[in-house]
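Student: need a structure here:
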Amino acid sequence: MNENISELLVCLIRESLSKLGYAQVGDFYLDLPTDSRFGDLSTNIALQLSKRAKVNPRQLASDLVKAMQPSLEKEPLRSLISQVKIEGAGFINLYFTGHYFYTQLKEVLAQGKDTFKSDFGKGKKVLLEFVSANPTGPLSVAHARQGAVGDSLANIMVFLGFEVSREYYLNDEGNQINILGNSVSLRLKELEGQRIEFPENHYQGEYIYDIARRLQAQKQKDCDIGEYAGNFILAIIKQELTDFGISFDCWYSQKELRLRGDIERVLEELKARGFVYAQEGATWFKSTNFSDDKDRVLIKSDGSYTYLAPDIAYHKTKFERGFTWLINLWGPDHHGYIGRLKASVQALGYPEDSLAVIIVQLASIYREGKVIEMSTRKGQYITLREVLDEVGKDAARFFFLMRRTSSHLDFDLEVAKKQNAENPVYYVQYAHARICSILRSSTLAFDRTAPVDLLKEKEEMALIKKILQFPSMLQVCVSTRDPSLVTVYLQEVSELFHKFYDVHRVLGQEEALTKARLCLIEAAKTVIATGLELLGVSCPEKM
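Tutor: From the prediction side, this is the model:
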């Protein structure tokens, strides 16, 4: 849209707050009320500031609306905003005019999905690191969920004007690779007829035997088995991600990081800044200077690095490559690691908010109503490949995104395979295909200039309002670093379309009304197709 109304209103609210003496206001966004009775956009900024200013939130909201009033009475806002209400504890709810809805609908018809693109990101360089699984086994459903979240978030951010690079950090050396190599070596001996004691902490999946058999057949037993196995598994991982619709701009090697001397270099910088000290034969980082709960070891007493040392060096290189906002997607087992890494970023002189760490919760896979037990080390888990083979890319990506990233996800394989309204991705795709069918069946030429102000029925207006929420919804996805809202939105658009179509005929009406309704469903098709594209899901025209 040429001038996103959300951005326009945020600027107005910020200017009005400044006039009231609230100049230092951080980033905030307008919310989409779940109930249309509470407006088309809403903000709780008065409640947020009232705590800091120790004033009554309703009084602050009243003062803010009065300060906004002169601008609300002038164009362009006079034609866009019909009413501003202070409700509840101090919420400010804004209601749009019919003129706004019809004007914006015409823009969607004229420009298609480009209507919703914006410079919201202002070209900010973002490095989005996700998946980053050790090349010690096939990708699990936990990695798959991180992949779906990371790739979709990157798509949304690019759509909104950010300059995004997708990166996979490759842990291609260290203890896990050594254990992998030893696991394969032991299975190789077993295949040769030797009796072995296989350690409990080694990798026990069938794929270890596959690598051992491959080595045996190729007579490559004298190679670096850990490196060979890691490269073999990495090739599988890359193919799985390709089939899942994910490609990375960079695969960053930890081994190369060490060989370049980046770890020593960053430790010297931290030392020069006064944040490193020696104690009990180890080298420590003063992370408590930056709100971590305790200082952290960088170099152990035996001279080996902890995981933190190369991670600090790696994040230093991210900034050196010109990225100003780093976003990491991690699994829940890394939650306790966030504080120390954010402390290191600050110790190197970068703002705390230049690094965002998103914890993506785990997923449970259900088959025939029963959860499938999983153990990564024992190789007893459902892999991404198995999910892709069973339900396909579209259902896999959509289902992995159907809950907030901070919430545990239940993935029912049986539901994902159904071809009816019970399957959410089928329901959305069917709405798109149904619209395409109606448009194909029309004997009238599609007319983008049709009189859309004829659309006055409640089902029509509900669908128009939902269509025009698309850009605001995407901004919420960025502010929360969570693309799951797109799946909710697409299901809502599809439901509103089906409700509209079940009550009102599109074809065979008076010509002007038919053309207007064709415009309405064309706009619905545009947001459904765009939303599915951002999620990496196909939008078939026939089903």
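Student: element containing the residue positioned nearest the centre of the chain?
Tutor: For the chain, the residue whose C-alpha lies nearest the mean C-alpha position (Cα atoms, centre = their mean) is Leu153; its distance is 3.2 Å. Assigned by DSSP states H and E, Leu153 falls within helix 141-159.
Student: elements contacting the next helix or strand after that helix?
Tutor: Later in the chain than helix 141-159, the nearest helix or strand by DSSP H and E is strand 163-170. Strand 163-170 makes packing contacts with strand 125-129, helix 141-159, strand 250-253 when contacts are defined by 3 or more Cβ pairs under 8 Å, 6 or more residues apart in numbering; DSSP states H and E. Heads up, the C-betas are built off the backbone N, CA and C, glycines and all.
Student: Leu507 in helix, strand or coil?
Tutor: coil (DSSP: H, G, I helix; E, B strand; the rest coil).
Student: same question, Asp410
Tutor: Going by three-state DSSP: Asp410 is strand.
Student: give me the beta-bridge partners of it?
Tutor: Ser364 (DSSP bridges).
Student: now His143, nearest residue through space, not along the chain?
Tutor: Nearest-residue entry for His143: Ala133, 4.8 Å, with adjacent residues in sequence omitted and distances by Cβ to Cβ, 6 or more residues apart in numbering.
Student: Around the one you found, how many other residues sit close by?
Tutor: Neighbours of Ala133 under the rule other Cβ atoms under 10 Å: 26.
Student: same deal with Lys300?
Tutor: 13.
Student: Ile86 should be in a helix, yeah?
Tutor: No: Ile86: not assigned to a helix; according to three-state DSSP it is strand.
Student: how near is it to Asp63?
Tutor: Applying Cβ to Cβ, to the nearest Å, the value for Ile86 to Asp63 is 10 Å.
Student: if we can go back for a sec, ok, the residue nearest to His143 - contacts?
Tutor: If you count contacts by Cβ atoms under 8 Å, 6 or more residues apart in numbering, Ala133 has them with Leu139, Ser140, His143, Ile237.
Student: That one: which element?
Tutor: Short version, using DSSP H and E: Ala133 is in no helix or strand.
Student: in the stretch 251-400 of the chain, which spans are helices?
Tutor: 254-259, 262-272, 308-320, 338-347, 384-400 (DSSP state H, counting those that start in this stretch).
Student: could the ones you listed go into JSON lines alongside mean pLDDT?
Tutor: Formatted as JSON lines, the helices of the stretch 251-400 of the chain follow (pLDDT from 0 to 100):
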{"stretch": "helix 254-259", "mean pLDDT": "95"}
{"stretch": "helix 262-272", "mean pLDDT": "97"}
{"stretch": "helix 308-320", "mean pLDDT": "97"}
{"stretch": "helix 338-347", "mean pLDDT": "97"}
{"stretch": "helix 384-400", "mean pLDDT": "97"}
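Student: Out of those, which gets nearest to Glu414?
Tutor: helix 384-400 (9.3 Å; Cβ to Cβ).
Student: Between helix 141-159 and that closest one, find me the angle.
Tutor: 50 degrees (axes from the mean of the first three to the mean of the last three Cα atoms, to 10 degrees).
Student: Show me which residues of helix 384-400 are buried.
Tutor: 384-385, 387-388, 390-391, 393-400 (16 or more other Cβ atoms under 10 Å).
Student: right, and the pair among the residues you listed with maximum separation?
Tutor: So, the buried residues of helix 384-400 by Cβ to Cβ: farthest apart are Arg385 and Phe398, at 17.9 Å.
Student: what about Phe470, distance to Arg37?
Tutor: 21 Å.
Student: Which of the helices of the stretch 251-400 of the chain sits closest to Thr115?
Tutor: Short answer: helix 384-400, nearest of the helices of the stretch 251-400 of the chain by Cβ to Cβ, at 23.8 Å.
Student: what packs against that closest one?
Tutor: Other helices and strands packing on helix 384-400, by 3+ Cβ pairs under 8 Å, 6+ apart, are helix 141-159, helix 225-243, strand 409-412, helix 413-417, helix 424-441.
Student: hey, which of the ones you listed is tucked in deepest?
Tutor: helix 141-159 (a mean of 25; mean count of other Cβ atoms under 10 Å).
Student: Identify the residues contacting the closest residue to Leu30 other than its chain neighbours.
Tutor: Distances taken as Cβ to Cβ, 6+ apart put Leu41 closest to Leu30, at 4.4 Å, once the chain neighbours are dropped. If you count contacts by Cβ under 8 Å, 6+ apart, Leu41 has them with Ile5, Ser6, Leu9, Leu30, Asp31, Leu32, Pro33, Asn93, Leu94, Phe96, Ser472.
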